[in-house]
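1. Can you look at this prediction? I've put the sequence above it.
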Amino acid sequence: RTGRVFQAGTQRRSLPNFAYAIELALCLTHVALVKRRPSLGWPAAAGVYSALTACMTWYFIQASGNGEMLALALVLFLAGTAVVYPWGAQGQATVSIAAVGVYVGSVAAGAAVNLPKLYDVFALITSGLVTTLGAHLLAQHRWAAFRHAAELRQANARQRQETEVSNALLSLTNALSATLNNPRETAERLNEHTRLALGFDWTLTSLLDETRQVFRTVAVSGPRAEIFDEVKTVELARGSLPFHDAIEHEELIEIADRDQQALIPPRLLERWGARSLLASVIARGDRMIGMLIGGYLDRAGPFSATQRRLLKGFAQHAAVALENARLLETVREANRIKSEFVATVSHELRTPLNVILGYTDLLVEHALGELNAEQHDALSRVRLRSLHLLDLIQDILDINRLESGRLPLNIDDFSVGEVLHTVRNAVP
């Protein structure tokens with residue numbers, strides 16, 4: 001009898017270890033299934049937890065055989081799975097049905113119960129319904145929190161992108177504003193900022209000569225100077241390539257691989273070392289000014305949305321800067337022509353005027369004969385008006401020199417009365 005008691009005690013002590021080993025094996029099986037087949041997430045979890053329910057029921061039958069204790073353990077188990085595992089109503093309902101099923105099976109197998117069996121079954125069904133509803137509500141809250149977190153991450157990413165775009169555009173604007181006096185320097189600064197901001201290997205700016213209707217490269221930025229020197233010497237007639245018509249209509253052209261397109265001859269791109277490129281039209285209103293192009297020497301593939309957006313924004317800023325630089329250059333050229341015209345006209349006016357003054361002086365000084373009073377007075381007036389006209393011509397020349405910076409401006413005091421007296425005498 002003592003030996004039978006010892007053997008029963010040994011079996012009772014080894015029972016938990018055996019149960020724990022089975023539960024651990026079930027959990028490892030669950031992990032392996034989910035790793036190999038992620039789509040089986042909640043079905044695998046529901047199956048494993050149902051098996052755990054059966055294992056726990058078996059343990060209680062072997063350990064105590066008390067049906068009420070088993071029912072209480074299953075209720076606590078259902079409450080824990082509803083909170084811990086995010087499987088929603090489907091998974092929780094599956095485990096609840098399994099819990100009721102294994103309890104009914106254990107009672108049928110001979111588990112001892114002190115209370116009517118329907119009490120325990122009703123308690124399990126109630127717990128299953130409540131935990132299923134709780135799992136459903138928790139799943140909704142988890143999903144709402146997950147969606148909110150995802151939206152927040154997307155909003156932060158968009159904000160960071162907007163900040164990067166704004167900073168890049170602001171940096172470009174400041175750089176271009178400092179070079180408005182020189183259109184070529186403006187284009188070179190535009191290329192350098194575009195290449196660095198977008199991470200391109202090279203960039204170039206090609207402007208349209210509206211008189212000759214040809215595209216001419218005015219600035220290039222990149223590592224291969226010998227190739228870009230050749231690019232600068234090439235002039236392409238407007239419409240000579242399908243690329244020209246495409247960019248005028250679509251405003252933004254992407255060539256992901258030079259060998260998979262028909263807009264530009266692949267051999268030409270290969271000669272110039274361009275594997276992929278992104279181009280944006282530079283335009284003011286409906287008038288095309290040129291093109292801003294950038295790309296990679298060896299990398300093929302599509303460009304990112306940020307690169308497309310930045311290049312288009314850079315092209316729009318470039319249109320304003322290049323047009324302003326061109327207008328300033330036009331104004332400077334017009335001012336130079338005006339200065340040359342004024343200098344030429346003034347010289348041509350002073351020469352005959354000096355002759356008139358010379359002969360008038362001869363007549364007034366009686367070098368060519370005697371004059372009566374009326375003749376002397378008339379010649380004196382002619383001489384005065386000629387001197388006044390000579391002063392006006394000299395003033396025009398002085399203004400022209402002041403504008404060009406060749407004549408220093410001397411600030412001095414003067415008598416207003418003397419000026420008014422001079423004006424009154426000058427009025428006939």
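-> Yep, it's here.

2. show me where the stretch 101-250 of the chain has helices.
-> In the stretch 101-250 of the chain, the helices defined using DSSP state H, counting those that start in this stretch lie at 117-177, 183-198, 225-233, 242-250.

3. looking at the ones you listed, which is buried most?
-> helix 183-198 (a mean of 21; mean count of other C-beta atoms under 10 Å). Glycine gets a C-beta too; all of them are placed from N, C-alpha and C.

4. I'd like the distance from that one to the chain centre, please.
-> Chain-centre distance of helix 183-198: 17 Å, with C-alpha atoms, centre = their mean, to the nearest Å.

5. And stretch 329-339, by the same measure?
-> Distance, centroid of stretch 329-339 to centroid of chain: 39 Å (C-alpha atoms, centre = their mean).

6. Need the outlier residue of this structure, farthest from its centre.
-> Distance to the chain centre peaks in the chain at Glu370, reaching 89.7 Å (criterion: C-alpha atoms, centre = their mean).

7. quick one on the thing from earlier: so which of the helices of the stretch 101-250 of the chain is nearest Met56?
-> Comparing the helices of the stretch 101-250 of the chain against Met56 with C-beta to C-beta, the closest turns out to be helix 117-177 (13.1 Å).

8. Which strands and helices lie in contact with that closest one?
-> Applying 3 or more C-beta pairs under 8 Å, 6 or more residues apart in numbering; DSSP states H and E, one finds that helix 117-177 contacts helix 67-84, helix 88-108, helix 183-198, helix 305-364.

9. okay, the angle between the shortest one and helix 305-364?
-> Using axes from the mean of the first three to the mean of the last three C-alpha atoms, to 10 degrees, the interaxial angle of helix 183-198 with respect to helix 305-364 works out to 170 degrees.

10. got it, and the second one?
-> Inter-element angle recorded for helix 88-108 and helix 305-364: 170 degrees (by the same axes, to 10 degrees).

11. how far away is Leu207 from His244?
-> Separation of Leu207 from His244 (C-beta to C-beta, to the nearest Å): 13 Å.

12. Between these two, which contacts overlap?
-> Residues touching both Leu207 and His244 (C-beta atoms under 8 Å, 6 or more residues apart in numbering): Phe215.

13. mind checking the SS state of the residue farthest from the centre of the chain?
-> Under DSSP: H, G, I helix; E, B strand; the rest coil, the three-state class of Glu370 is coil.

14. confidence score at Phe6?
-> Turning to Phe6, the model gives it a pLDDT of 36.

15. do you know which of the helices of the stretch 101-250 of the chain lies nearest Ser304?
-> helix 183-198 (9.0 Å).

16. List of residues touching that closest one?
-> Taking C-beta under 8 Å, 6+ apart as the rule, helix 183-198 contacts 168, 171-172, 175-176, 178-180, 200-205, 207, 218-222, 292, 294, 307, 310-311, 314, 318, 321-322, 325-326, 329.

17. Out of the helices and strands packed on helix 117-177, flag the one nearest Pro266.
-> Closest among these, using C-beta to C-beta: helix 305-364, at 22.1 Å.

18. What subset of the contacts of helix 183-198 is buried?
-> Neighbour-count burial within the contacts of helix 183-198 applies to 168, 172, 175-176, 179-180, 200-205, 207, 218-222, 292, 294, 307, 310-311, 314, 318, 321-322, 325; the criterion is 16 or more other C-beta atoms under 10 Å.

19. low pLDDT regions in the stretch 101-250 of the chain?
-> 109-112, 175-183, 225-228 (pLDDT under 70).

20. ok, now with 90
-> Residues of the stretch 101-250 of the chain that meet the criterion pLDDT under 90 lie in 101-128, 131-132, 134-199, 202-242, 244-250.

21. re the thing from before, could the helices and strands packed on helix 117-177 go into a markdown table alongside distance to Val121?
-> Shown next, in a markdown table, are these (distance: least, C-beta to C-beta, whole Å):
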| stretch | distance to Val121 |
| --- | --- |
| helix 67-84 | 8 |
| helix 88-108 | 7 |
| helix 183-198 | 69 |
| helix 305-364 | 60 |
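
22. Any buried residues in stretch 387-395, and which?
-> For stretch 387-395, by 16+ other C-beta under 10 Å, it's 390, 393.

23. Run through who's touching it.
-> Under C-beta under 8 Å, 6+ apart, the answer for stretch 387-395 is 346, 349-350, 353-354, 357, 426.
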